[in-house]
Structure formats: C-alpha cells, structure tokens
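S.K.: Fold the following and give me the result.
(one chain, ligands or ions: 1)
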Amino acid sequence: MAQFIPRQVFPHYGAIPRSYFLGHHRAGLTKMKSMLSLIDYVVECRDYRAPVTSINPMFEEALGKIRRLIVYTKRDLGGILHSAEQQSLERKVRSFDPTSTVFFTDSSSRADLNRIIRHLREDAFAPDKLTGCRIMVVGMPNVGKSTLINHLRNHGVGKAKALKTGGQPGITRKIASPVKIIERESGSHTYVLDTPGVFMPYVPDAENMLKLALVGCVKDTVISPVTLVDYLLYKINLHDPQAYRRWSEPTNEVIPLLEGFARQTGLLMKGGIPNVDAAALHFISKWRSGDVGKFILDDLDAEKLRLENPEETQHMSMSQALKFERVNRKNKSNADTPSE
Ligand SMILES: Nc1nc2c(ncn2[C@@H]2O[C@H](COP(=O)(O)OP(=O)(O)OP(=O)(O)O)[C@@H](O)[C@H]2O)c(=O)[nH]1
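M.R.: Predicted coordinates for the structure are as follows:
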C-alpha cells in the first residue's frame, strides 16, 4: 500500500467567520472592569489544548496590574499525563510568561487542585482582614472556569458544587455571587467570583478561530462542523494518523471519513444516507473527550518565534479590536437592510 502523506498545509481558511463577541461578553467585560476596585486577585483560565490561542488579550488591557495566577485547564485532554512529552510542553508554555505563576490542571485530579489551593492560601490575601480576599476567575467561554471554582470549593471547604457547568459556551452569563474556597482562623476567608466567558471582538487569524471552535470556546453552530473536522483531521494526521483507525484508514479526505464514521456509528438519514453533519458533530465531541488522540492544537515553537518577532504578529489592542467589531456590525446591518 502507498505510504500515507498528511497534508502539510490546511487549504480551507477562506470563509471562516472571525468573530464571536456576544452582548453578554461585552457587558461582562464592562462589569468586570467596574468591579476591579473590589478584587484582590485574578485567576485567568486558558485551555491547555490551545495554550497560546486561548489567551484573550482583552484581559491584559482590562485587568491591569492586579495580582494574577494563570491556570491551564483540561490538562487531561492535551497529552499523556506525566509523560516526558507533556513535561517538555509545560516547560515551553511556562517560558512564554516567565514572570507569572502558572498551573496546569485536570479537574478530576486532587493533586492538581490541592496545589492551587495551597498556592492561593499563601499568595491570595486581602489588605482588609474583615472582608477577606476576593478572587475573580476570568477566561474565554467554556474553558472550565465554573468547573474549576466548584472543585476548588469542594477541595478547599468540603462544600458541594455551587455553579452550573456545561459542554457549550455561555452557561455563565453574569458575574456570580462570591463562593468561599478557603477558610482562615483569622476570619479573613477567600472568596471566588465566577464571570461570563469573554471572547475577543475579532480573531485576525482564521486558523485560530478554528482552534477556538474546536476546543469549545465558540458555539458549535458558528462554523460548519464539517470544516472543523476537516481542520481536526489535518491536525490529527500530523500528530498520529492511526488515531481514528477504528473507522478509517489514514486519509486526507474529510467527507469519505465522515460517511464511514456515520455508517459505523448509526448516524443515517432516510434511505440509509450518512448524516455527515451529525457525524461531524459526533466526531468533534469524541475528540473533545479525548477519544481521538490527545494533543494540543498550537504549534509552540512557531508561537515562540511569533512572540519573539512581535512586528510580524497580528496583535490588536482592545480598542482596535472593538473598533473593528463596530465596523463589522455596521457593515452587517447595512447588508441586512433591504435596498429600496
Ligand atoms: N476533561 C476535562 N473537562 C473539563 C475540565 N474542566 C472543565 N471541563 C469541562 O469543560 C466544560 C466547560 O466547563 P465550564 O466550567 O462550564 O466552563 P466555563 O468556562 O465556566 O464556561 P462559560 O459559562 O462559557 O464561561 C464542561 O463540560 C466541563 O465538564 C478538565 O479539567 N478536564
């Protein structure tokens, strides 16, 4: 049999939407900024599978110099736990931000959560002992903020889940009431506030939009699931083309892969025709649960080069991004208005 050669470039970036900045994202960010004087500490969550792409630059500008901890969530989905490969990856991620304290967590790992609780006990304190310490947890939609808070609460004070969580972005729409996660004898307890996930107004790089959609920061209805699987297939093939061997030989062709997958998983329409869209959504959810290979989507060496050459990056300031979003919205509403 001919040797399989994976695609080295993804060919379909053309028609991918670049924005997912919703009303509650904007409102959430404004409210967060207005509450900053009441906040002693920020925990910023990023997705382990897209450690660079899931950084929202808007938080840098909005939250200023407040004391901060970075948590990369969903560590269990980004590689083989405790492997040499994983350790090297985590060293690289830390090196991107050498002055910040960084943790990597799998929400089901007691050890990972205890490490954070121990750190916060030492590091997150309030100037006013009576009110206690208030921590705000921020991050892109669906990165696992509410899950992290529920687990910190459980490990810190032995209490049950306080916040709603879910597999699609947008479960948290408003800043929640403070949840106690650490008790201190002095009475100066530590409380955490959950916030709505905030996306960026515009993603300059279409590939980043695909990555953010795959890890679940964008609702599954925004980008065609077949396009998402096509990109995922491109990434899986670069990583391990055997990862989907239960359903297909290694391939670069997304439609035959999904047709075969639909037949084998019973996703058929009338007349036994494979339901390719349903198959695509099911394939994505399998990858999201770690069932089609565990790897990260960012190329860390390329990202490092990009960070070292900032003049080549397409970084936008928050005001530029908001301006872009306004213009985009205006153009869209003009296009939607029927001409006379
Ligand atoms: N495998 C795995 N799944 C996780 C982990 N942390 C969170 N999740 C899952 O990720 C999904 C999103 O989690 P949430 O806590 O609702 O995310 P959020 O950031 O609060 O989402 P928004 O409401 O959009 O802001 C849920 O299905 C969680 O079960 C983790 O460490 N590992």
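S.K.: how about low-confidence regions in this structure?
M.R.: 1, 128-129, 310-340 (pLDDT under 70).
S.K.: interface residues of the protein facing the ligand?
M.R.: Within the chain, the residues that sit near the ligand (C-beta under 6 Å from any ligand atom) are 73-74, 76-77, 105-107, 139, 141-147, 165-167, 169-172, 196-197. Heads up, the C-betas are built off the backbone N, CA and C, glycines and all.
S.K.: Help me confirm that I135 comes into contact with I39.
M.R.: Yes: the pair I135 and I39 qualifies as a contact (C-beta atoms under 8 Å) at a distance of 7.4 Å.
S.K.: Let me see the domain layout of this protein.
M.R.: 23-194, 206-312 (automatic domain parsing).
S.K.: how about TSV for the ones you listed, with mean neighbour count and distance to F10 added?
M.R.: Formatted as TSV, these follow (neighbours: other C-beta atoms under 10 Å; distance: least, C-beta to C-beta, whole Å):
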stretch	mean neighbour count	distance to F10
domain 23-194	18	15
domain 206-312	18	5
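S.K.: can I get these in a markdown table with distance to Q8?
M.R.: Listed next are the domains of the chain as a markdown table, based on distance: least, C-beta to C-beta, whole Å:
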| stretch | distance to Q8 |
| --- | --- |
| domain 23-194 | 20 |
| domain 206-312 | 8 |
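S.K.: re the thing from before, list the residues that are in contact with both of I135 and I39.
M.R.: Counting by C-beta atoms under 8 Å, 6 or more residues apart in numbering, the common neighbours of I135 and I39 are L193.
S.K.: burial count for V9?
M.R.: V9 has 6 neighbouring residues, counting by other C-beta atoms under 10 Å.
S.K.: so which helix or strand takes in it?
M.R.: Per DSSP states H and E, V9 falls between elements, in no helix or strand.
S.K.: Just the residues of the chain next to the ligand: which are in helices?
M.R.: Among the residues of the chain next to the ligand, the members falling in helices (DSSP state H) are 145-147.
S.K.: Quick check, the residue in the stretch 151-300 of the chain closest to the ligand?
M.R.: As assessed by C-beta to the nearest ligand atom, the ligand sits closest to G197 within the stretch 151-300 of the chain, at 2.9 Å.
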